[in-house]
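>>> Sequence plus the predicted model coming up.
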Amino acid sequence: MLSYALRRLLITIPVVLLSTFLVFGAVTASGDPLQDLRQQPNITQERIDNVRETRGLDDPFPVQYWRWLEQVPTNGFGEYMISPRQILPDLQRVIGNTLQLVIAAEVFAFITAVALGVASAKRQYSIFDYTTTTISFVGFAMPTFWFALLLQVTVVQIFELTGVRILPLANLSSANPGTGLAWLWDRALHLVLPVITLSIVSIAAYSRYMRASMLEVINSDYVRTARAKGLSEGVITRRHAMRNALIPTITVAALSFGGLLSGAIVVEVVFGLDGMGQYFLNQLQRRDPYPIVAWLSVVAVVVMVFNLVADLLYGYLDPRIRYD
Amino acid sequence: MSDPLLSIRGLVTQFDTPDGTVRAVDGVSYDVHPGETVGVVGESGSGKSVTVMTVLGLVPQPPGRVESGEILLEGRDLLELPIEELRKIRGKDVAMIFQDPMTSLNPVLTVGLQIAEAVQTHDPSMSDDQAREKVVELLELVGVPNASDRYDQYPHEYSGGMRQRGMIAMAMANRPKVLIADEPTTALDVTIQAQVLEVLKTAQEETNAGTILITHDLGVIAEMADRVVVMYAGRVVETGTVEEIFHTPRHPYTLGLLSSLPRPDVDLDRLEPIRGQPPSMISLPSGCAFHPRCKLGEGRERCRTETPPLYDLGGGVSSACHFHDEMTDEVARVEEVTGATFDAEDDAT
Amino acid sequence: MTDQSRPTDPALGPQSPSNGADEAIDGYSDGTAVKARSQWQMFRTKFFRHKLAMSSLLYLIIVTVAAFNAATIAPYAYDEINVAMASTGPTFEEWHLFGTDQLGRDYFSRVIYGTRTSLQVAAVVAVVSTVLGVVVGSIAGFYRGWADALLMRVTDIVIIFPLLAVLLVAAALFGQGRPIRIGIIAALFLWPSLARIVRGVFLSMREKEFVQAARACGARDLRIIVRHMLPNTVGPIVVNMSLVLGLAIILEATLAFLGLGVNPPTPALGRLIDEGRSAMQTQWWLVVMPGLALVSIVLAINFVGDGLRDALDPTQQES
């Protein structure tokens, strides 16, 4: 089991190296990382040339990439082009914020989707089933950012009509978030709209999986056996059907984690959250290759860890799976 | 004869399909007495499985629907029972063994737990330890070696034959009055089949349950059954003791079954297979559903226009053939063709 | 664990099982009395019976025809300014069905033009990713070897990196620009899912009797692939294409929203929403209308895809 986990992680390393190498090349080729510096009036050409020199920006990009790689373990993922600051502290901050958002959305989406999927499978072809199916189709067809904008408009309209500010529209915290529980409450309120936005597509996807696999299980021979034993429908659903139906859904949910991070980029832009997506877009605009490849490496590791957790969970839920 | 334990009376079960309504079971009646084994024979789709599924209310509704009939268990009509009452009977008074042991056990729960579930559902006072003890006993009884280790194993760690033994253990856990075995050996290797039948026999003797054994394998019938019900296209076409069915069949379809397969007990020089295909349940032939394939009824107007009733021939023997009294000649004709003697003096087994 | 455990797209996920009736009458379902129907006939009857898919298809045809004849259909040019009618909500007056923006540009017309752009991008994505996916997938499934290795590595990349992030890097590098460019960039990251499906079908078919028979008759590889194996993958390919179409429209809009889409002033649905954003609290229609247009199109595409899947799946009984 442990060796399996290790092997999975080891396979990732060459993939991450190769892709960051390619991305590094792409970013280097796509623009001038010092453009921001040039626009500042008090920066002299001499200073710019100096940076070019010390950062080796005229070297071929594989050399530059190697220089970055050397700094990953020793110098906190290297330093920004335009300021001599380490990348790591910023990354830690934005990852922390994004994980709060993404994990909350994943948990919310999973629980909602399982409940919806089970309920509509048990009432196949009922009005409830048709309604959830339709909603999930719509959820699937909606761009995340558009849904976010709709939510914002709605909240503002409610404020204008009633004078009640039900939820904060942007940012991760108020100006004075307080400490302890007050801070937590403040953060939770700020995350409500982003989490709803981010989870809507996942709810649509997971609930359809859950419904389909639940239907398959409900009509399976072993559920018939359970029924023939005289078990009540409740016990059949909980002990015999749910657990089996959850197996594929959990896999899907874990493998969609990367997709959730894609969604987080959009959500953070709309709601102005200080997270990984916002950070990534800013650095991309600056054409600074160091933070971009640092970002990608960290994301790859995070996604891999989630996939691994899913695999292990899968093995726990399904005794037929053995790792060797 | 004693009062029947389970009595199926004029059962009609239908399915609504996009192509029309299908009468999977069309007026089926038969009885099961304590301790006896009733073999139900027929091709797949003849309604033999749907009949017993209806007994336990396991036909999915919709699309299934019980049109009419009664299923009396010791005088109580199971079709009239509310679902909670029926649940108390499932697995307790009436237990079932299914065809495919590969898919009939939940792959993510241990075999022992699944059997214990059957025990504890009907006896909530039983503790987990007591249930485990009982299940290990049951597993030993059905011949699962190292039963207490095997308790904690998952279905995929069992072989097909072992799984079916597990299913039998589950079925006999609450000493049911009626045991229904739906093609219990069909999915197994031939060498395993005999062993599992042996276990089934033990289970039946142990519990003295009235048993319904569904199969399309006449060898299994000869081995296990006391009485036989032959079904075709959702109807019972012949009933009788196992000797009568094998030696003096009273319906051309039964005769067809006997002469279309090589048998160890009767020396067939040539086979005479039944012509044609099983009918489509959506558009059944008029009159006797068997008439397009029947040699005896060939060209006879009555077979095409009039649905034969199940004629009671006395002594528990009945036949749904207009011309059942001509069957002696027909058997003789087939004996001529196949070079076999059906009505031999030696025992069918 | 092998890669088989990876899920496919939800629309290709586990099928709802056949109902009890099929089981009960099993064995008669292939009886001689049921008249044989060719696959194409069966597909046609099933698809046409699917009312939702049919009406969605009709809607898509109307929208596409309108979008590609925008110059004649749209009541105004997309950049026609009319200050007198600035910031008008949706109204029948002068046919400003979707309202106007601060410059008095007619949003109904802009949405029609924007739809054209979005459909162009989606079409490019669908065609390019399908061709790539089929070629790589069939080579990988038929010969294994380098194509298989390549496919697996690319799949790894697709799995561990967020698609949007990779797409943003590519868009930043190759630049915003004409719809075809955006389409090709998106297609470069969307082909692996189809390639994996095609590969799977090919792998399972490689050892099938009819392929062996063809080989025994001396058929060349290309002939076996094109004549014998590809026809069996048409179903998954078509269904995947519909999924990619919908996804491409959403992706294009998202890129445009993040400022990396089709160049202005060409209107695209995502850009229209983005432009309306600044005024959305007072002029909601600027955000809602282009969004509704987009959602309705993607929804219709998905419904058609769903209908196709039901119709093409031979294991599913008519119901």
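That came through, no problem.
>>> Only the buried residues of stretch B:194-207, if you could.
Buried positions in stretch B:194-207, judged by neighbour count with 16 or more other CB atoms under 10 Å in any protein chain shown: B:Gln195, B:Val196, B:Leu197, B:Val199, B:Leu200, B:Ala203, B:Gln204, B:Thr207. Every residue, glycine included, has its C-beta placed from N, CA and C.
>>> scratch that, stretch B:175-185
Residues B:Pro176, B:Lys177, B:Val178, B:Leu179, B:Ile180, B:Ala181, B:Asp182, B:Glu183, B:Pro184, B:Thr185 are the ones in stretch B:175-185 that count as buried (16+ other CB under 10 Å).
>>> What residues does the closest residue to A:Ala121 other than its chain neighbours make contact with?
Of all residues not flanking A:Ala121 in the chain, A:Met214 sits nearest, at 3.6 Å (CB to CB, 6 or more residues apart in numbering or on different chains). Listed by CB atoms under 8 Å, 6 or more residues apart in numbering or on different chains, the contact set of A:Met214 reads A:Gly117, A:Val118, A:Ala121, A:Lys122, A:Ala241, A:Met242, A:Ala245.
>>> Residue 246 sits in which helix or strand?
Here I'm looking at chain A. Element membership for A:Leu246, per DSSP states H and E: helix A:243-255.
>>> hmm, I had chain C in mind actually
Under the assignment here (DSSP H and E), C:Gly246 is part of helix C:234-257.
>>> does any bit of the next helix or strand after that helix sit next to chain A?
The helix or strand immediately downstream of helix C:234-257 is helix C:269-277, counting by DSSP H and E. Yes. Residues of helix C:269-277 contacting chain A under CB under 8 Å from any CB of the partner chain: C:Gly270, C:Ile273, C:Arg277.
>>> So, low pLDDT: which residues of the stretch 201-319 of chain C?
Scanning the stretch 201-319 of chain C for pLDDT under 70 picks out the ranges C:313-319.
>>> what residues does it put near chain A?
Residues of the stretch 201-319 of chain C that fall close to chain A, judged by CB under 8 Å from any CB: C:246, C:250, C:253-254, C:257-258, C:270, C:273, C:277, C:280-281, C:284, C:287-288, C:291, C:294-295, C:298-299, C:302-303.
>>> give me that answer again for 6 Å
For the stretch 201-319 of chain C, the residues in contact with chain A (CB under 6 Å from any CB of the partner chain) are C:250, C:253-254, C:257, C:273, C:280-281, C:284, C:287, C:291, C:295, C:298-299, C:302.
>>> now do chain B
Near chain A, when you scan chain B using CB under 6 Å from any CB, you find B:56, B:58, B:87, B:90-92, B:96, B:103-108, B:118, B:121, B:154, B:156.
>>> quick one: which of those sit in helices?
B:Arg87, B:Ala118, B:Thr121 (DSSP state H).
>>> Compare those residues and tell me which has the most neighbours.
The most crowded member of those, judged by other CB atoms under 10 Å in any protein chain shown, is B:Ala118 (28 neighbours).
>>> Hmm, it is touching B:Ala169, no?
No. Between B:Ala118 and B:Ala169 there is no contact under CB atoms under 6 Å: 9.0 Å.
>>> which phi and psi does B:Val230 have?
Here is the backbone geometry of B:Val230 (degrees, to the nearest 10): phi -100, psi 130.
>>> how about the closest residue to chain C within the stretch 201-324 of chain A, what does it touch?
Ranking the residues of the stretch 201-324 of chain A by distance to chain C (CB to the nearest CB) places A:Ser262 first, at 3.6 Å. Residues in contact with A:Ser262 (CB atoms under 6 Å, 6 or more residues apart in numbering or on different chains) are C:Pro162, C:Leu163, C:Leu164.
>>> which phi and psi does the first one have?
Recorded main-chain torsions at C:Pro162 are phi -60, psi 130, according to degrees, to the nearest 10.
>>> Okay, it and chain A: tell me how far apart.
Between C:Pro162 and chain A the computed distance is 4 Å (CB to the nearest CB, to the nearest Å).
>>> Hmm, A:Leu260 and that residue touching each other?
No. Assessed by CB under 6 Å, C:Pro162 is found out of contact with A:Leu260, at 8.1 Å.
>>> wait, what's in contact with A:Leu88?
Contacts of A:Leu88 (CB under 6 Å, 6+ apart): A:Gly76, A:Phe77.
>>> And the longest helix along chain C, what does it pack against?
The helix that spans the most residues within chain C, counting by DSSP H, is helix C:107-143. Applying 3 or more CB pairs under 6 Å, 6 or more residues apart in numbering or on different chains; DSSP states H and E, we find helix C:107-143 packed against helix C:51-68, helix C:70-73, helix C:145-160, helix C:179-206, helix C:234-257, helix C:269-277, helix C:285-312.
>>> right, and those - which one's nearest B:Gly316?
Closest to B:Gly316 of the helices and strands packed on helix C:107-143 is helix C:285-312 (CB to CB; 50.4 Å).
>>> Would you agree C:Ala170 falls within a helix?
Yes. Membership of C:Ala170 in a helix is supported by DSSP: H, G, I helix; E, B strand; the rest coil.
>>> That one - nearest residue in space that isn't next to it in sequence?
Of all residues not flanking C:Ala170 in the chain, C:Ile185 sits nearest, at 4.9 Å (CB to CB, 6+ apart).
>>> surely the one you found meets C:Leu168?
No. Contact between C:Ile185 and C:Leu168 fails when scored by CB under 6 Å: they sit 10.1 Å apart.
>>> Brilliant, that's me finished.
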